[in-house]
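S.K.: Need a 3D model of the following:
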Amino acid sequence: MTHEREHQDVRHGWFTEILSSALNDLAHAERVITAYAAQEPDGFIAWGMAEGEAVQAHQALRQAPSLHTATPTDYATVNATADALYELARKISQSLVRAAELASDPDDKMACLQAALHADRLQETLR
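M.R.: Next comes the predicted model:
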């Protein structure tokens, strides 16, 4: 195996790991936001924009051709706060930008960048 091929394999490994992690994180953020919205009387008003952006980011990322995962793994119920969700959205956005830099398929790059845009918007709604 040539050095170039090894480099491509490592790069692709990082890329798929980032995509899978971001997909799981987005699914988690979506569930937590939905749970918060359901608990408060005006929850869907307060959390609706954040929930919508989390859903949009998740759906955008699922369009990446290189992403061949089933439904994300369920997490145990977590007592998250808006601050924790904000940090999660920040992490997701940064990861997706890195994944877009690593992507060789233009459709993967577009899916990552669209998901990052929605993750940024999610972060803004949580401020």
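S.K.: Surely residue 40 touches residue 34?
M.R.: No. Look at residue 40 against residue 34 with C-beta atoms under 8 Å: they stay out of range, at 11.7 Å. C-beta coordinates here come from the backbone N, C-alpha and C atoms, glycine included.
S.K.: out of the two, which sits in the busier spot?
M.R.: Per other C-beta atoms under 10 Å, whichever of residue 40 and residue 34 has more neighbours is residue 34, with 17 against 11.
S.K.: Let me see the contact set for residue 30.
M.R.: Going by C-beta atoms under 8 Å, 6 or more residues apart in numbering, residue 30 touches 51, 54-55, 58.
S.K.: That one and residue 12, how far apart?
M.R.: 27 Å (C-beta to C-beta, to the nearest Å).
S.K.: returning to what we had before: identify the contacts common to residue 40 and residue 34.
M.R.: residue 47.
S.K.: In which helix or strand does the residue lying closest to residue 61 once chain neighbours are set aside reside?
M.R.: Leaving aside its chain neighbours, residue 61 sits nearest to residue 115 (3.8 Å; criterion: C-beta to C-beta, 6 or more residues apart in numbering). Following DSSP states H and E, one finds residue 115 within helix 106-125.
S.K.: In PDB, list the C-alpha atoms belonging to that helix.
M.R.: What follows is helix 106-125 as a C-alpha-only set of coordinates in PDB (Å, rounded to 0.1, in the frame of the first residue of the first chain):
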ATOM      1  CA  PRO A 106     -18.900  17.200  -3.200                       C
ATOM      2  CA  ASP A 107     -22.300  15.900  -2.000                       C
ATOM      3  CA  ASP A 108     -20.700  14.900   1.300                       C
ATOM      4  CA  LYS A 109     -19.100  18.300   1.600                       C
ATOM      5  CA  MET A 110     -22.500  20.000   0.900                       C
ATOM      6  CA  ALA A 111     -24.300  17.800   3.400                       C
ATOM      7  CA  CYS A 112     -21.700  18.600   6.100                       C
ATOM      8  CA  LEU A 113     -21.800  22.400   5.400                       C
ATOM      9  CA  GLN A 114     -25.600  22.500   5.400                       C
ATOM     10  CA  ALA A 115     -25.800  20.600   8.600                       C
ATOM     11  CA  ALA A 116     -23.100  22.900  10.100                       C
ATOM     12  CA  LEU A 117     -25.200  25.900   9.100                       C
ATOM     13  CA  HIS A 118     -28.200  24.600  10.900                       C
ATOM     14  CA  ALA A 119     -26.100  23.600  13.900                       C
ATOM     15  CA  ASP A 120     -24.800  27.200  14.000                       C
ATOM     16  CA  ARG A 121     -28.400  28.400  13.900                       C
ATOM     17  CA  LEU A 122     -29.300  26.000  16.700                       C
ATOM     18  CA  GLN A 123     -26.500  27.400  18.700                       C
ATOM     19  CA  GLU A 124     -27.800  31.000  18.100                       C
ATOM     20  CA  THR A 125     -31.300  30.000  19.200                       C
END
